[in-house]
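Asks: below are the sequence and a predicted model; questions follow.
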Number of protein chains: 4
Amino acid sequence: MRILLSNDDGYFAPGLACLAETLSSLADITVVAPERDRSGASNSLTLDRPLSLRKAHSGFYYVNGTPTDCVHLAVTGMLDHLPDMVISGINHGANMGDDTIYSGTVAAATEGYLLGIPSIAVSLVSKGAGNYETAARVVAEIIKRHQDHPFTSPVLLNVNVPDVPYDQLQGREVTRLGRRHKAEPVVKSVNPRGETVYWVGAAGAAQDAGAGTDFGAVARGMVSVTPLQIDLTHYGQMDVIKGWL
Amino acid sequence: MRILLSNDDGYFAPGLACLAETLSSLADITVVAPERDRSGASNSLTLDRPLSLRKAHSGFYYVNGTPTDCVHLAVTGMLDHLPDMVISGINHGANMGDDTIYSGTVAAATEGYLLGIPSIAVSLVSKGAGNYETAARVVAEIIKRHQDHPFTSPVLLNVNVPDVPYDQLQGREVTRLGRRHKAEPVVKSVNPRGETVYWVGAAGAAQDAGAGTDFGAVARGMVSVTPLQIDLTHYGQMDVIKGWL
Amino acid sequence: MRILLSNDDGYFAPGLACLAETLSSLADITVVAPERDRSGASNSLTLDRPLSLRKAHSGFYYVNGTPTDCVHLAVTGMLDHLPDMVISGINHGANMGDDTIYSGTVAAATEGYLLGIPSIAVSLVSKGAGNYETAARVVAEIIKRHQDHPFTSPVLLNVNVPDVPYDQLQGREVTRLGRRHKAEPVVKSVNPRGETVYWVGAAGAAQDAGAGTDFGAVARGMVSVTPLQIDLTHYGQMDVIKGWL
Amino acid sequence: MRILLSNDDGYFAPGLACLAETLSSLADITVVAPERDRSGASNSLTLDRPLSLRKAHSGFYYVNGTPTDCVHLAVTGMLDHLPDMVISGINHGANMGDDTIYSGTVAAATEGYLLGIPSIAVSLVSKGAGNYETAARVVAEIIKRHQDHPFTSPVLLNVNVPDVPYDQLQGREVTRLGRRHKAEPVVKSVNPRGETVYWVGAAGAAQDAGAGTDFGAVARGMVSVTPLQIDLTHYGQMDVIKGWL
């Protein structure tokens, strides 16, 4: 089995190293990840310049581009065979609810899915150092499950893992994405040259976070597994708009 | 009525100028757009540095960030009142099917929608110079319609306009997003320093492009209007994954 | 006579517009400048991606690169004839003493000089809006002087103009570069995500600023004209190092 | 003795690792280098955003900025004591003649010198993998010499080392900078989206490369040591310009 790993925190990130280490006993691993932290990159593609692919001492490849670029380049221009899976992570921090729209971690997995490959984004719900091995073990179990009982259709799974030792996990739950409150406003500041600048503020707190959501599952100590798709059509609103237009 | 305009082609783009000119008779217009071309930016947010907001001779504001940054900054840190609408475009080129995942044009409108504002992304299906005034007039009509019969719930509309004179339009159609074939592979090249580099290739051709899709509508000379939402949950797959996991 | 104009503040900068307007009666003007503010760019060259050349409504060309890139691209890849002069500016703010090492304004002129073209960098010693027309008139006079009495060898002039109405100028002085005190330390700050960040601080105050220096001339209301060269060899130290090594 | 190391090839570069390893027996070493390859950065400073300082597994610090930023941040905001020396390199490739104007390697050392610290830039004249240990040993010898017989005034040395085993070196020579022929023109190309783009071309061949120059010394298998200064004033031309103006 061949697995392509990527992330959005950069090729040197400890979450990625932990994942690669854990999965290397299960599959042939190739790592292609951004050369620097690209958190918040969403599905952005680099169109105005070409990409370089370089190999680090660790054997990991790094690309001067986005997470989406990494998976796109690896699958369409570098690997001899289609990988059997694309896994993105382990992200340092949650990717739940509306985060999925902005997340580079989810985007790397989405690119794999768009290219026809079962793909998983995995994030550790943590602001501190973190139990990456917990998340890595959860991913390993999902892969083993897939080796025994392959998905019968394309999947794109968004997995969020509580930041606790493995034996404190309370199980797994298949969830829908919750919603956040609106993001905090930009933070106004003045730089040393006297110019006004604005920092993008923090994400909003969880709003729709009850039973069935990713926020809810993680709050109860469970691994949240959300199947994603990429069709943004608002089917439920089509008739209304037809009448309105 | 107050309208916030943005785009992903940059504050100097002719499609944006045409839109601002046309809408200025209908509403108070504020333009906040990227300082440079950010096509392909998707919903990326700038988290590692602060943003600057500057005003050009044209009266348009520009930001050293992404389309999403522009709308986020304008709404949460610059404007005194919430705008009544956010409009993004007129993009130079289509944003249909899977393009919506990568598009900065759609992302700017999505940010407005996430902030609770009715939002429209508008694109001219053109590779050449283009009939921007056709698209601007279509948007003006939608706004007038909204002024007379306001949307009763939040909307995020993705509008694609054929590149023809206005009177050659064949009508409007409410559509779902189609699908493209897989993107072309990366294009391998060698730079003048002898290093191998890779360009992201062209988008795939339309695949799911029949009746009811955005591709199909535009191919018949019609304006395509697709209502979008931002919940990526694959509801139809949740039970399967529950059984599988 | 053909003149190539560039700057480091970006193609939209008022100092550049003023210069182009003033010089257009004296020569054929082509403007090729960075697409965004590249102050502090020094002589940096873009080696890891190719450059694009685009034309704005104003007729000015802009490049997604550094000031050095702009002049390099214009002279070696765009213009049919070698320009007779390269002029960079009018910069918003002084470029005196050690500033010349960091300045993108000086760098653009340096690139012209390296390519064999008489070149001038011009800066307005101002933190406010500024009397750009004063500096533009000074440059026009230098050009007229050159038209009547051409330089007989390659020149690279660094011109700093006090920010006053033209008739308040106290004359011109040929100067050497002064020196600044050490720059202010970096300014430590915390971003909204709780991460420590560091802003490069202000330049140091003028230190060696007496008679004969650029700082001194400008302080007395005079235009400072410093001929520059680009050989960084410390000839006076060669024998000492020979003995030491 | 405390030494600050930096470079422009990035904190992961083998030339830097070799230098740190060799010097660690002579002094306390701190490494602060760019997070990615910044070749060609010259003395550029990052003014429009703050810098981050992070520590890699190797113990090296990396900064999301230029070589100049790295030294500036380390000396003015991070280190408790002024380092006794700043050393930049070992660069992968020569920095001779006009290269010094564009070089990020030289710029990092220049920043140390401007801050009052004896500084050395060291480059391996190589396009291949290279005998980094030869250059590291040369630097170690210069440091030992400085420990025994300290420089009595500030120095900024530009050292270029032939890419041969140490015992094939033909000695050392104190040199002046040579000159190159004009750079090659930009290389015009078309990207996959049909847009014309331009790559900055190769540096020119050595022109002024005879006896006494850095090019000449290296061509004879010798280590070239050029003392540099940073005053760009063209003293020899001041009287001419006075007469002309």
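Replies: Alright, I've got the coordinates. Computed from a prediction, not measured in an experiment: that's the story for all the values here.
Asks: tell me, what's the model's pLDDT at residue A:87?
Replies: What the model reports for residue A:87 is a pLDDT of 98.
Asks: ok, the helix or strand of chain A with the lowest mean pLDDT near chain B or not?
Replies: One helix or strand of chain A scores below all others by mean pLDDT, DSSP states H and E: strand A:206-208, with a mean of 91. No. Strand A:206-208 does not reach chain B (C-beta under 8 Å from any C-beta of the partner chain); its nearest approach is 9.9 Å. All C-beta atoms are positioned from the backbone trio N, CA, C, and that covers glycine.
Asks: after that strand, next one along is what?
Replies: helix A:214-219 (DSSP states H and E).
Asks: near chain D, which residues of chain A?
Replies: So chain A meets chain D at A:12, A:35-36, A:47, A:50, A:56-57, A:64, A:191, A:193 (C-beta under 8 Å from any C-beta).
Asks: JSON lines for those residues, including neighbour count?
Replies: Supplementary listing: the residues of chain A next to chain D in JSON lines, determined by neighbours: other C-beta atoms under 10 Å in any protein chain shown:
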{"residue": "A:12", "neighbour count": "24"}
{"residue": "A:35", "neighbour count": "22"}
{"residue": "A:36", "neighbour count": "16"}
{"residue": "A:47", "neighbour count": "18"}
{"residue": "A:50", "neighbour count": "28"}
{"residue": "A:56", "neighbour count": "14"}
{"residue": "A:57", "neighbour count": "9"}
{"residue": "A:64", "neighbour count": "21"}
{"residue": "A:191", "neighbour count": "18"}
{"residue": "A:193", "neighbour count": "15"}
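Asks: looking at these, which is nearest residue A:218?
Replies: Nearest to residue A:218 among the residues of chain A next to chain D: residue A:12, at 26.5 Å, using C-beta to C-beta.
Asks: what secondary structure does that closest one sit in?
Replies: Three-state call for residue A:12 (DSSP: H, G, I helix; E, B strand; the rest coil): coil.
Asks: now it. Nearest residue, chain neighbours left out?
Replies: Nearest residue to residue A:12, sequence neighbours excluded (C-beta to C-beta, 6 or more residues apart in numbering or on different chains): residue D:56, at 6.4 Å.
Asks: correct me, but that neighbour touches residue D:11?
Replies: Yes. Contact criterion C-beta atoms under 8 Å: residue D:56 and residue D:11 qualify, at 6.2 Å.
Asks: which residues do these two both contact?
Replies: By C-beta atoms under 8 Å, 6 or more residues apart in numbering or on different chains, residue D:56 and residue D:11 have these common neighbours: residue D:62.
Asks: what lies in contact with stretch A:179-192?
Replies: Contacts of stretch A:179-192 (C-beta under 8 Å, 6+ apart): A:97-99, A:196-209, B:50-51, B:72-73, B:76-77, B:114-116, C:184, C:187, C:189, C:192, C:199-202, D:50.
Asks: local confidence estimate at whichever residue of chain A sits closest to chain C?
Replies: Per C-beta to the nearest C-beta, residue A:49 is where chain A lies closest to chain C, at 3.3 Å. The per-residue pLDDT reported for residue A:49 equals 93.
Asks: residue B:170 versus the closest residue in space to residue A:52 that isn't next to it in sequence, what's the distance?
Replies: Once flanking residues are discounted, residue A:52 sits nearest to residue A:64: 5.2 Å by C-beta to C-beta, 6+ apart. Distance, residue A:64 to residue B:170, using C-beta to C-beta, to the nearest Å: 45 Å.
Asks: repeat that for residue A:236.
Replies: Applying C-beta to C-beta to residue A:236 and residue B:170 gives a distance of 27 Å.
Asks: these two: who's more crowded?
Replies: Neighbour count, other C-beta atoms under 10 Å in any protein chain shown: between residue A:236 and residue B:170, residue B:170 has more, with 13 against 9.
Asks: next, give phi and psi for the residue nearest to residue A:12.
Replies: phi -90, psi 170 (degrees, to the nearest 10).
Asks: for residue A:70, same thing?
Replies: The phi and psi values for residue A:70, taken as degrees, to the nearest 10, are phi -60, psi -50.
Asks: just confirm it contacts residue A:31, I think it does.
Replies: No. Using C-beta under 8 Å as the test, residue A:70 is too far from residue A:31 to be in contact (9.3 Å).
Asks: surely the residue of chain A closest to chain C touches residue C:50?
Replies: Yes. If you go by C-beta under 8 Å, residue A:49 and residue C:50 touch, sitting 6.7 Å apart.
Asks: any buried residues in the helix ranked longest in chain A, and which?
Replies: Longest helix in chain A, counting residues (DSSP state H): helix A:132-148. For helix A:132-148, burial by neighbour count (16 or more other C-beta atoms under 10 Å in any protein chain shown) applies to A:132-140, A:142-143, A:146.
Asks: same question, stretch A:229-244
Replies: Under the neighbour-count criterion of 16+ other C-beta under 10 Å, stretch A:229-244 has A:229-234, A:237-238, A:240-241, A:244 buried.
Asks: span of it from start to end?
Replies: Terminal residues of stretch A:229-244 lie 28 Å apart, using C-alpha to C-alpha, to the nearest Å.
Asks: so what touches that stretch?
Replies: Counting by C-beta under 8 Å, 6+ apart, A:110, A:113-114, A:156, B:98, B:100-101, B:145, B:149, B:151, B:153, B:155-158, B:174, B:176-177, B:225-230, B:232-234, B:236-237 sit against stretch A:229-244.
Asks: rerun that using 6 Å as the cut-off
Replies: Residues from elsewhere that reach stretch A:229-244 (C-beta atoms under 6 Å, 6 or more residues apart in numbering or on different chains): B:100-101, B:174, B:176-177, B:227-229, B:234.
Asks: stretch A:89-98 now?
Replies: A:7, A:9, A:15, A:19, A:103, A:105-106, A:122-125, A:132, A:135, A:160, A:177-180, A:214-215.
Asks: C-alpha coordinates for that stretch, PDB please?
Replies: Taking C-alpha atoms only, stretch A:89-98 is exported to PDB below (Å, rounded to 0.1, in the frame of the first residue of the first chain):
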ATOM      1  CA  GLY A  89      -1.800  16.200   9.000                       C
ATOM      2  CA  ILE A  90      -1.500  15.800  11.900                       C
ATOM      3  CA  ASN A  91      -2.500  19.400  12.100                       C
ATOM      4  CA  HIS A  92      -1.600  21.400  15.200                       C
ATOM      5  CA  GLY A  93      -5.000  22.600  16.200                       C
ATOM      6  CA  ALA A  94      -8.700  21.700  15.400                       C
ATOM      7  CA  ASN A  95     -10.300  21.900  11.900                       C
ATOM      8  CA  MET A  96     -14.000  21.700  12.800                       C
ATOM      9  CA  GLY A  97     -17.100  23.500  11.500                       C
ATOM     10  CA  ASP A  98     -16.400  26.500   9.300                       C
END
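Asks: and the helix or strand encompassing residue A:68, what does it pack against?
Replies: Using DSSP H and E, residue A:68 falls within helix A:67-73. Applying 3 or more C-beta pairs under 6 Å, 6 or more residues apart in numbering or on different chains; DSSP states H and E, one finds that helix A:67-73 contacts strand A:2-6, strand A:61-63, helix A:104-114.
Asks: hmm, 10 Å instead?
Replies: strand A:2-6, strand A:28-34, strand A:61-63, strand A:85-92, helix A:104-114, strand B:196-199 (3 or more C-beta pairs under 10 Å, 6 or more residues apart in numbering or on different chains; DSSP states H and E).
Asks: chain center to the longest one: distance?
Replies: Computed by C-alpha atoms, centre = their mean, to the nearest Å, the separation of helix A:104-114 from the middle of its chain amounts to 7 Å.
Asks: and it, average pLDDT?
Replies: Helix A:104-114 shows a mean pLDDT of 97.
Asks: run the contact check for it versus chain B.
Replies: Yes. Interface with chain B: helix A:104-114 contributes A:104, A:106-107, A:110-111, A:114 (C-beta under 10 Å from any C-beta of the partner chain).
Asks: most surrounded residue in these?
Replies: Neighbour tally across the residues of helix A:104-114 next to chain B (other C-beta under 10 Å): the maximum, 34 neighbours, falls on residue A:107.
Asks: before I go, just wanted to say thanks for your time.
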